[in-house]
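Chemist: Return atomic coordinates for the entry below.
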Amino acid sequence: MSATSVTDWRPVPAPAVLLRHDHTRDTDLLLLPERVVVLQGGAGAVVALCDGARSVHDIVDELSERFPGAPVATDVPPFLERLRREGWLR
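Modeler: Numbering: from 1, shown residues only. Okay, the predicted model is just below:
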């Protein structure tokens, strides 16, 4: 996949995947059929922006504004691609 198509991709959770916040542990979770994935750091904020309307480029721009100086442009696209390879985003 080319870099252009990755940034144009508009990620959305796969049909059976839900993002939830666990208030007891104060962490975000991905709820999958027969599996729970605990998201670390700002991963929940990234996944929350995956609504099918925003492109990866839009997500990077928004997170760059929220977290100035963070390596968003280099970290977020590969993270989202990894979630797509897992089948959690489409």
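
Chemist: Check which residues of stretch 66-86 are buried.
Modeler: Residues of stretch 66-86 classed as buried under the neighbour-count rule (16 or more other CB atoms under 10 Å) are 72, 75-77, 80-81, 83-84. Where C-beta positions appear, they are placed from N, C-alpha and C, glycine not excepted.

Chemist: so what's Leu18 up against?
Modeler: Applying CB atoms under 8 Å, 6 or more residues apart in numbering to Leu18 gives the contacts 30-31.

Chemist: And it, how far from Pro33?
Modeler: 10 Å (CB to CB, to the nearest Å).

Chemist: quick one: Leu19 from Ala73, how far?
Modeler: Distance, Leu19 to Ala73, by CB to CB: 22 Å.

Chemist: next one: Glu34
Modeler: For Glu34, the distance to Ala73 equals 35 Å [CB to CB].

Chemist: In helices, which of the buried residues of stretch 66-86 fall?
Modeler: Secondary structure from DSSP state H places 72, 75-77, 80-81, 83-84 of those in helices.
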